[in-house]
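Student: This is a predicted model, with the sequence first.
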Amino acid sequence: MTSPIWHPFHQHGLGEPIPRVVRAEGAVLHLADGGTLIDGISSWWVTTHGHCHPRIAAAIAEQAGRLDQLIFAGYTHEPAEEVARGLIDLAPRAAGRDPLTHVFYSDSGSTAVEVALKMALGYWHNLALDGLAPPRHRILVLEHGYHGDTIGTMSVGERGVYNQAWSPLLFDVGTIPFPAPGREQRTLDSLEAACAAPEKPAAFIVEPLILGAGGMLIYPAHVLRDMAAICARHDVLFIADEVMTGWGRTGTLFACEQAGVVPDIMAVAKGITGGAIPLAATLATARIFDAHKSTDRARLFYHSSSYTANAIACAAAAANLAIWREEDVPGRIANLSDGIAARLARLADRPAFAHARQLGAIAAIDLNAPDAGYLSDLAPRLRAFFLARGLLLRPLGNTIYLMPPYCLDTDQLDQVFAVLADAGERFGVRS
């Protein structure tokens, strides 16, 4: 029987198989046909400690029997309060920088970033109403960035085939060139010029240290630090999209920590619940919050969704925060990162591969293959190959990347890299 489901990022006209997953545990997915898959991408970068983690699953079950959902406009509940306090405690801090002090809940990474953009524009709008600053409307973005699939987040992401159908809806932005190796100063000079322009920008948004969907492109921490310093010097709000980079993926809890950066606004999602259930949050400094605080109801922050701060999701997030506080998660990430590094180095020596790169528990390598563009048939063929070999991966064109759960063991890691080596033999150019 034909399924009525319309799957995301899936071209149904190609007739590719859609495996049915019936159970998951740790880093393994169990299929309806009896097969298994190693989840090499944490089911779209969300699963951190492993699927169906007992502590998180228990917290969800317990909360579901106490309070499931509550309107969050003018009401609150303890799981949301606990998670907000925990997020503020764990957020990046640095001397001389205002800390992140307020948490606004939403339900996905896209909406967390959309909220961040609205906060930034609302901040300057309200300052202009008070005669404290001229209005600012322009957003600066980093080349090749990706921030989500809502209208606002598509506007601040890379333009291409994946959003061209909606181009009439997207607003204009100023694009800062990506800090490619050896061209970092070009990026900083471009940002300096944009921030010093007569039409002052409202904010600059970046994925800190690594661009995810843009090809797992990595840039150094000192560039992130310098970009934040330029924004601070010109009073341009600095927005960090930590949706993918947060929760240990880059080797620290948040990527901004590696540069000593405290953003004015920070979006988090994906691993906030350990990947068990949707939840997102946007953190802001006091000045962003205070610009919206007033006795005038017309100046409140107009954003919400029906499931804002869902109690069950917040209970899962609270359990995840407890795991980070009480268990040696950084140690697990370090061990996994070391294991990936050793195997990636061996893979990089093969002529079928190029541009091996790693940041924490994220690794990527490019396959030397003809017709390797984003819309070529290479990625679908690779996906099918990996599926047949018991591995869930979703290459970005010819870029094969890993972002596994932190529970991936040595044998599973060996299996993953053996399959990658075979993929190089099968699809790569070997001379």
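Tutor: Cool, the structure landed.
Student: ok, which stretches of the stretch 201-350 of the chain are helices?
Tutor: With DSSP state H, counting those that start in this stretch applied, the stretch 201-350 of the chain shows helices at 221-233, 286-292, 311-326, 329-348, listed in chain order.
Student: who wins for proximity to Pro405 among these?
Tutor: When the helices of the stretch 201-350 of the chain are compared for distance to Pro405 using Cβ to Cβ, the nearest one is helix 329-348, at 8.9 Å. C-beta here means a position set from N, CA and C on the backbone, and glycine is covered the same way.
Student: Which elements pack onto that closest one?
Tutor: Taking 3 or more Cβ pairs under 8 Å, 6 or more residues apart in numbering; DSSP states H and E as contact, the helices and strands that helix 329-348 lies on are strand 353-359, strand 362-367, helix 410-427.
Student: rewinding a little: most tightly surrounded among the helices of the stretch 201-350 of the chain?
Tutor: When you average the neighbours per residue for each of the helices of the stretch 201-350 of the chain (mean count of other Cβ atoms under 10 Å), helix 311-326 leads with a mean of 22.
Student: just how off-centre is that helix within its chain?
Tutor: Relative to the mean C-alpha coordinate of its chain, helix 311-326 is positioned 19 Å out (Cα atoms, centre = their mean, to the nearest Å).
Student: Looks like Ala58 contacts Ala318 (just checking).
Tutor: No. Checked against Cβ atoms under 8 Å, the pair Ala58 and Ala318 is beyond contact range at 11.6 Å.
Student: quick check: domain ranges of this structure?
Tutor: 12-50+330-427, 67-326 (automatic domain parsing).
Student: now those domains as TSV including distance to Thr2 and mean pLDDT?
Tutor: Compiled in TSV, the domains of the chain are given as follows (distance: least, Cβ to Cβ, whole Å; pLDDT from 0 to 100):
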stretch	distance to Thr2	mean pLDDT
domain 12-50+330-427	10	96
domain 67-326	25	97
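Student: how close does Arg97 sit to Val262?
Tutor: 4 Å (Cβ to Cβ, to the nearest Å).
Student: Looking at these two, which one has more neighbours?
Tutor: Taking neighbours as other Cβ atoms under 10 Å, Arg97 and Val262 compare with Val262 leading, 25 against 17.
Student: Does that one touch Pro92 like I think?
Tutor: Yes. Under the criterion of Cβ under 8 Å, Val262 lies in contact with Pro92, with a separation of 5.1 Å.
Student: intersection of neighbour lists for those two?
Tutor: Listed contacts common to Val262 and Pro92 are Leu100, Cys256; contacts here mean Cβ atoms under 8 Å, 6 or more residues apart in numbering.
Student: mind checking how far stretch 142-151 is from the chain centre?
Tutor: The answer for stretch 142-151 is 11 Å, by Cα atoms, centre = their mean.
Student: Ok, stretch 50-66 next?
Tutor: The gap between the average C-alpha position of stretch 50-66 and the chain average comes to 23 Å, counting by Cα atoms, centre = their mean.
Student: List the buried residues in it.
Tutor: Within stretch 50-66, the residues that count as buried by 16 or more other Cβ atoms under 10 Å are Gly50, His51, His53, Arg55, Ile56, Ala59, Ile60, Gln63.
Student: just checking, which of these belong to helices?
Tutor: With helices identified by DSSP state H, the entries of these that belong to them are Arg55, Ile56, Ala59, Ile60, Gln63.
Student: Is it correct that the first one is in contact with Ala322?
Tutor: Yes. A contact is recorded between Arg55 and Ala322 when judged using Cβ under 8 Å, the distance being 7.0 Å.
Student: tell me the helices in the stretch 51-200 of the chain, going along the chain?
Tutor: Going by DSSP H, counting those that start in this stretch, the stretch 51-200 of the chain shows helices at 54-64, 78-90, 109-129, 151-155, 184-195.
Student: Can you add distance to Ala286 and give the ones you listed back as CSV?
Tutor: Supplementary listing: the helices of the stretch 51-200 of the chain in CSV, determined by distance: least, Cβ to Cβ, whole Å:
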stretch, distance to Ala286
helix 54-64, 30
helix 78-90, 11
helix 109-129, 12
helix 151-155, 24
helix 184-195, 22
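Student: Pick the most deeply packed of these.
Tutor: Among the helices of the stretch 51-200 of the chain, judged by mean count of other Cβ under 10 Å, the one packed with the most neighbours on average is helix 109-129 (a mean of 22).
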